[in-house]
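Trainee: here is my input, please return the structure:
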Amino acid sequence: MALALTVMLITLFPFSLALNGILYAAIPLLGICYGIFYDIMVPPASELFGLKHFGLIYMGLGNPTGALLVSGLLAGYAYDAEAAKQDSSACVGHDCFEVTFLVLAGVCGLGTILSIILTVRIRPVYQLLYSGGSFRLPQTPGH
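Mentor: Numbers count the residues shown, from 1 in each chain. Below is the predicted model of the structure:
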């Protein structure tokens, strides 16, 4: 998780500045990172929150909440504010979504820090579970 979030952070920052040619490198990198992140979140979500409400937590709350906050509120507000600065109903230029990409880069940075903290805190649990081999197979003495 931390690696995917770090790559996203590194990609989103120059993307927000609309550097020449960044679009060609940023779009595939962001797509790959989102795909990795989406797939890799299944085990931590199920282990941290349990399987009873896994579908609701993983599919029902995360994606719609993020879409509402980023697309509906943040990006919409930033676009409208920049269009108002340009005295137009339509925004033109990279300034329209610069704040949105910078906020997303900040969220990725925070996510990187939190995923490292989670890794450090959960490591002793996994070491205990897997120290004697498989925790599913009973260990018999003498074998």
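
Trainee: shaky segments in the chain?
Mentor: 132-143 (pLDDT under 70).

Trainee: distance between whichever strand or helix holds residue 105 and the chain's centre?
Mentor: Residue 105 belongs to helix 98-130 when assigned by DSSP states H and E. Here helix 98-130 is found 9 Å from its chain centre; the criterion is Cα atoms, centre = their mean, to the nearest Å.

Trainee: equivalent analysis for stretch 46-59, please.
Mentor: Distance, centroid of stretch 46-59 to centroid of chain: 17 Å (Cα atoms, centre = their mean).

Trainee: what does stretch 47-63 give?
Mentor: 16 Å.

Trainee: give me the contacts around it.
Mentor: In this structure, residues lying in contact with stretch 47-63 by Cβ atoms under 8 Å, 6 or more residues apart in numbering are 41, 42, 45, 46. Yep, even glycine has a C-beta here, placed from its N, CA and C like the rest.

Trainee: list the buried ones in it?
Mentor: Within stretch 47-63, the residues scored as buried using 16 or more other Cβ atoms under 10 Å are 57, 58.
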